[in-house]
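K.L.:
Curious how this folds, go ahead:
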Amino acid sequence: MGFPGVWMTESQSMIYRVVPKCACSTIGQIMYHSDHGRFFDGDIHDARDGLHKWAQDDSQPLIERAVLNHSAPSFTCVRNPYGRILSSFFDKIAGIQRNGKRYRGNLVPQLMQRYGVDVGSPENGFDFDQIKSFRRFLLFARDTIRWRRPMEPDIHWSAMSGHISTFIVNGGRYDQIFFTEHFNEGMARVLNSVNAPVKTDLEQVPRFNESEGHGPKRAHKISDYFDDLSRHLIWEMYKTDFRLFRYDFDDPDNKMPKGEIDLDEVHAKLGS
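P.N.:
This is a model prediction of the structure:
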């Protein structure tokens, strides 16, 4: 299986397991900058050189050797599951992608037909009932995760623990897992632990958000989107994420973690 979703700097100074919707664009750009002294011109997910990625065949033996030899610090980043699934909805379902089209072609029309999801359009200023449509999307997301119907779960709403576990199961070990909500503090710890060719000033790093400005803005506080049924579905999908990464299930508006992540616990529970 190897190490899907893993990026490594060309200098092999650090190894990152990508978790979608957890600041991965910003982290990738920081890694790129730490080697080249500049940011990639465009979406870092489109970069075909300047950064090793498991999806690139010539990078695979280098990544595999570095991971298995633990020759560079390995890390990843997590996010509150409530905020992450909302971000997935507004970016991938309600938003227009950077190519000017809807995500995954016929996905949104399929959601409209099967689940009654309405996400408006640029022509009407994305005027739709956000709460009602999000809750219907949540039923769809649960169906993909639990029954893999009407499609396989998308990487943007499948559980963080699932992404993170593949790295462990195949022989990797994380040195750090930090919170999107404490991004600068966590990323600084990573950078302080590596021997990168170029020093990066985190205070000067812009936030790279590929979806910014291409869709509707969230109109309500987080808890308004989650009634009792929605929270039941969220627990069904993400209970391991809440427990392992110390997020507050009881208060959707509290995006901050309630404690520190126990790396030994993560490796023990996700490595089997």
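K.L.:
How far does the helix or strand of the chain with the lowest mean pLDDT sit from its chain's centre?
P.N.:
Here the helix or strand of the chain ranked lowest by mean pLDDT, DSSP states H and E is helix 107-115, holding a mean of 94. Centroid separation for helix 107-115 versus its chain: 23 Å, with Cα atoms, centre = their mean, to the nearest Å.
K.L.:
Going by neighbour count, list what's buried in it.
P.N.:
107, 108, 111, 115 (16 or more other Cβ atoms under 10 Å). C-betas here are computed from N, CA, C, even on glycine.
K.L.:
Same check on stretch 95-105?
P.N.:
95, 96, 102, 103.
K.L.:
OK, contacts around the second one?
P.N.:
Translated: residue 96. By Cβ atoms under 8 Å, 6 or more residues apart in numbering, the contact list for residue 96 reads 102, 122, 214, 215.
K.L.:
which of these lies closest to residue 88?
P.N.:
residue 215 (11.7 Å; Cβ to Cβ).
K.L.:
SS state for that closest one?
P.N.:
Here residue 215 is recorded as coil under DSSP: H, G, I helix; E, B strand; the rest coil.
K.L.:
list the contacts for the closest residue to it other than its chain neighbours?
P.N.:
Among residues not flanking residue 215 along the chain, residue 95 sits closest, at 2.6 Å (Cβ to Cβ, 6 or more residues apart in numbering). Listed by Cβ under 8 Å, 6+ apart, the contact partners of residue 95 are 103, 211, 214, 215, 216.
K.L.:
What is the burial count for residue 160?
P.N.:
Look at residue 160: counted by other Cβ atoms under 10 Å, it has 24 neighbours.
K.L.:
And for the least confident helix or strand of the chain, what's in contact with it?
P.N.:
Under Cβ under 8 Å, 6+ apart, the answer for helix 107-115 is 93, 102, 117, 118, 119, 136, 137, 139, 140, 150, 151.
K.L.:
Can you list the buried residues in the helix or strand just after it?
P.N.:
Counting by DSSP states H and E, the next helix or strand C-terminal to helix 107-115 is helix 130-147. Residues of helix 130-147 classed as buried: 130, 133-145 (neighbour count, 16+ other Cβ under 10 Å).
K.L.:
Only alpha carbons, please: show helix 130-147 as CSV.
P.N.:
Output of helix 130-147 as CSV, limited to C-alpha atoms (Å, rounded to 0.1, in the frame of the first residue of the first chain):
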residue,chain,number,x,y,z
GLN,A,130,-27.6,26.7,4.3
ILE,A,131,-28.8,24.8,7.4
LYS,A,132,-31.3,22.6,5.6
SER,A,133,-28.9,21.8,2.7
PHE,A,134,-26.0,21.0,5.0
ARG,A,135,-28.0,18.6,7.1
ARG,A,136,-29.1,16.8,3.9
PHE,A,137,-25.5,16.7,2.7
LEU,A,138,-24.6,15.2,6.1
LEU,A,139,-26.9,12.2,5.5
PHE,A,140,-25.1,11.7,2.1
ALA,A,141,-21.7,11.9,3.8
ARG,A,142,-22.8,9.3,6.4
ASP,A,143,-24.1,7.0,3.7
THR,A,144,-20.8,7.1,1.9
ILE,A,145,-18.8,6.4,5.0
ARG,A,146,-21.0,3.7,6.5
TRP,A,147,-22.3,1.9,3.4
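K.L.:
can you tell me which of the buried residues of stretch 95-105 lies nearest to residue 207?
P.N.:
residue 95 (16.3 Å).
K.L.:
where does that closest one sit relative to residue 101, distance-wise?
P.N.:
Distance, residue 95 to residue 101, using Cβ to Cβ, to the nearest Å: 11 Å.
K.L.:
how close does the residue positioned nearest the centre of the chain sit to residue 1?
P.N.:
What sits nearest the mean C-alpha location of the chain, by Cα atoms, centre = their mean, is residue 20, with 2.1 Å. Spatial separation of residue 20 from residue 1 under the definition Cβ to Cβ is 18 Å.
K.L.:
just residue 221 next, same as before
P.N.:
On the measure of Cβ to Cβ, residue 221 and residue 1 end up 40 Å apart.
K.L.:
who has more neighbours, these two?
P.N.:
For residue 221 and residue 1, the more surrounded residue by other Cβ under 10 Å is residue 221, and the numbers stand at 9 against 6.
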